[in-house]
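Undergrad: Return atomic coordinates for the entry below.
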Amino acid sequence: MIARFRPFPVLITLAASLLVGACSTGPAATPSPVPVAPVPSTAPAVAPTPAPTATQAGAAPMPSTVAAAAFPVTITDDEGTAVTIPAEPRRIVSLTPAITESLFALGVGDRIVGKSQDVLLYPPEAGSIPDVEKFDGSAVVVDVEKIVADKADLVIAGGNFGTPPDAVQKLRALGIPVLVLYAPDVKTVYGDIQLQGQAVGRPAEAAGIVDAMKAAFAGVAGAVAGAARPRVFYEIDATGAFYGPADKSFLAEMISLAGGDPVTTGSPDKYDISAERLLTADPQVILLGDAAYGVKPADVAKRPGWSTMTAVKDGAIRPIDDTMITRPGPRLFSGLQLLAAAIHPDVAIPSASPIPPVP
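TA: Coordinates of the predicted model:
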């Protein structure tokens, strides 16, 4: 599943009508994913960026008196709705995998009583949390009755149809605060983590996580600053049609930040791209975001007409971990590092340790 977020397609491999949160059309479902081996780098080894300190990563919990004083709190979500949370929430429902990851990073994973289905589960500790949102064919189904029965005092949902709007309306009508988040760009990813921190009484921890992410992004920017910017086509899926990043989409932004020139669809909101446009663009690097679903570089090279592409001639067709790159949560900086290493295998890309969850 490509992580619910985007002008990034949210469910491109699972729900034909939702491209990570924002595409109006999408490809058919694909087989269950398999692990994607990291792309080896020929760059000289570099020491990893030190792990964030407790202050940077927000590892030290806020004093309870400070957290208690923050409520009631009114937060404006990504849809412009003012949501009032009367008291620090203790029974939280997360309706996107990225939100689940963020809540664990904030140290409130033990408060989650229901979550969205995640075929690429992270963190593993979330596996014991019941799914209250599942994918039924091409539809997203929310179990509103289960959420109510679980006595949820906060629901954090996905915007841009990541969570069906009617489910959000039903929950709000029942008096449950629902915060709707949707990140079309990296800046909003940072903002959404901070909104979640406010919502659960962990604002300082959220700020620390964002600071650590920004530092890691800056490290990648510095590493690729002097490198050539190859034309990069990121294949989201190739089931029935070819799908890549829309113009000015989240994914296109990530490719640019990683030091590439993204080959896009020519549309602000469509993710399908014609073979003609691809051939004309002549990508120098092809990244397989659908590698986890069985797509192999050798198969791509055999596609009719693709042999003329520079990437195919040079053997620059590389599998990549799509979830790390497209899920708008605390691991996003690791996704950028993977992306930069795949685009620039001869450049030393700094790495950073994962942000540890708040105790």
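Undergrad: which stretches of the stretch 101-250 of the chain have low pLDDT?
TA: The model of the stretch 101-250 of the chain has no residue with pLDDT under 70.
Undergrad: now the helices: where do they sit in it?
TA: Secondary structure of the stretch 101-250 of the chain by DSSP state H, counting those that start in this stretch: the helices cover 144-149, 165-173, 186-200, 203-224, 250-257.
Undergrad: Please enumerate the strands of the stretch 1-150 of the chain.
TA: Under the criterion DSSP state E, counting those that start in this stretch, the stretch 1-150 of the chain contains strands at 73-76, 82-85, 92-94, 112-116, 131-136, 139-142.
Undergrad: Let's have those in TSV, adding distance to Ala207 and mean neighbour count.
TA: The way it works is simple: take the backbone N, C-alpha and C, and place the C-beta from them, glycine included. Formatted as TSV, the strands of the stretch 1-150 of the chain follow (distance: least, CB to CB, whole Å; neighbours: other CB atoms under 10 Å):
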stretch	distance to Ala207	mean neighbour count
strand 73-76	15	14
strand 82-85	18	14
strand 92-94	20	29
strand 112-116	21	23
strand 131-136	28	18
strand 139-142	30	19
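Undergrad: Need those strands in JSON lines (columns: distance to Arg331).
TA: As requested, these are arranged in JSON lines below (distance: least, CB to CB, whole Å):
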{"stretch": "strand 73-76", "distance to Arg331": "24"}
{"stretch": "strand 82-85", "distance to Arg331": "26"}
{"stretch": "strand 92-94", "distance to Arg331": "15"}
{"stretch": "strand 112-116", "distance to Arg331": "16"}
{"stretch": "strand 131-136", "distance to Arg331": "21"}
{"stretch": "strand 139-142", "distance to Arg331": "23"}
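Undergrad: one step back: for Leu120, find the nearest of the helices of the stretch 101-250 of the chain.
TA: Closest to Leu120 of those is helix 250-257 (CB to CB; 16.7 Å).
Undergrad: other SSEs contacting that closest one?
TA: helix 186-200, helix 203-224, strand 231-235, strand 261-262, helix 322-326, helix 332-343 (3 or more CB pairs under 8 Å, 6 or more residues apart in numbering; DSSP states H and E).
Undergrad: List the buried residues in it.
TA: Phe250, Leu251, Ala252, Glu253, Met254, Ile255, Leu257 (16 or more other CB atoms under 10 Å).
Undergrad: quick one: the second one and Thr326 touch, right?
TA: This points to Leu251. Yes: the criterion here is CB atoms under 8 Å, and Leu251 meets it with Thr326 at 6.3 Å.
Undergrad: JSON lines please, covering the helices and strands packed on helix 250-257 and showing distance to Lys115 and mean neighbour count.
TA: Formatted as JSON lines, the helices and strands packed on helix 250-257 follow (distance: least, CB to CB, whole Å; neighbours: other CB under 10 Å):
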{"stretch": "helix 186-200", "distance to Lys115": "14", "mean neighbour count": "22"}
{"stretch": "helix 203-224", "distance to Lys115": "19", "mean neighbour count": "20"}
{"stretch": "strand 231-235", "distance to Lys115": "28", "mean neighbour count": "25"}
{"stretch": "strand 261-262", "distance to Lys115": "32", "mean neighbour count": "21"}
{"stretch": "helix 322-326", "distance to Lys115": "16", "mean neighbour count": "26"}
{"stretch": "helix 332-343", "distance to Lys115": "19", "mean neighbour count": "24"}
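Undergrad: if I pick Leu181, what's in contact with it?
TA: By CB atoms under 8 Å, 6 or more residues apart in numbering, Leu181 lies in contact with Asp77, Asp78, Thr96, Ile99, Ile156, Ala157, Gly158, Gly159, Asp192, Leu195, Gln196.
Undergrad: quick one: which of the residues you listed is most hemmed in?
TA: Of all the contacts of Leu181, the highest neighbour tally under other CB atoms under 10 Å goes to Gly158, namely 32 neighbours.
Undergrad: could you check the distance from it over to Val132?
TA: 13 Å (CB to CB, to the nearest Å).
Undergrad: Mutual contacts of those two, please.
TA: Joint contacts of Gly158 and Val132 (CB under 8 Å, 6+ apart) are Leu95, Ser116.
Undergrad: ok, the contacts of Leu181 vs Ala105, which is closest?
TA: Gln196 (9.3 Å).
Undergrad: Give the closest residue to that closest one in space, chain neighbours not counted.
TA: Ser102 (5.3 Å; CB to CB, 6 or more residues apart in numbering).
Undergrad: With Pro283 instead?
TA: Excluding the flanking residues, the one nearest Pro283 by CB to CB, 6+ apart is Phe233, at 3.8 Å.
Undergrad: and the contacts of Leu181 as TSV, adding distance to Thr280?
TA: Below are the contacts of Leu181 laid out as TSV (distance: CB to CB, whole Å):
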residue	distance to Thr280
Asp77	41
Asp78	36
Thr96	36
Ile99	39
Ile156	42
Ala157	40
Gly158	35
Gly159	34
Asp192	36
Leu195	41
Gln196	42
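Undergrad: Appreciated, that's everything.
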